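Colleague: The following comprises the amino acid sequence and a computationally predicted model.
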Amino acid sequence: MNIMVFTTFSNKEEARRIAGILLEEKAAACVQLKEIESLYMWKGHIEEDREVQGLIKTRRELFGIVEEIIKREHSYEVPQIVAVDIESGSEAYLQWIGEVTR
């Protein structure tokens, strides 16, 4: 089963660096990065930040490795790391995810 992992980064440099590690380690097939604006609660206050959203395509069995890399390399105290199953999609694309990851 393939999954998509959603995360955010503090800036483009951090996002590209961690994406590179995920790809080099073959923990991800693809990492898409997009600049976003986020509003969230942190320590009792509403915060507003510009961030970079990361959408990581990988296999379910690699989630633990993806999570460990993000936690180890990330600047946030509590980074967003949320996975959802890819229930359907292009068979060729889903097969490619499996072929290029560990």
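Modeller: Happy to help now that I have it.

Colleague: Enumerate the positions of the longest strand belonging to the chain that are buried.
Modeller: Among the elements of the chain assigned as strand by DSSP state E, the one spanning the most residues is strand 45-59. For strand 45-59, burial by neighbour count (16 or more other Cβ atoms under 10 Å) applies to Glu51, Val52, Gln53, Gly54, Ile56, Lys57, Thr58, Arg59. C-beta here means a position set from N, CA and C on the backbone, and glycine is covered the same way.

Colleague: This protein: strands as residue ranges?
Modeller: Secondary structure of the chain by DSSP E: the strands cover 2-9, 30-42, 45-59, 82-85.

Colleague: Adjacent strands (with direction) for the second one?
Modeller: Going back to what we said before, that points to strand 30-42. strand 45-59 (antiparallel) (DSSP bridges).

Colleague: Just want the angle from the partner strand to strand 2-9.
Modeller: Orientation check (axes from the mean of the first three to the mean of the last three Cα atoms, to 10 degrees): strand 45-59 against strand 2-9 gives 150 degrees.

Colleague: start at 246 instead
Modeller: With 246 as the first residue, the last one maps to strand 290-304.

Colleague: any residues touching strand 290-304, and which ones?
Modeller: Strand 290-304 has contacts (Cβ atoms under 8 Å, 6 or more residues apart in numbering) with 246-257, 259-260, 263-264, 267, 272-286, 311, 331, 342-343, 346.
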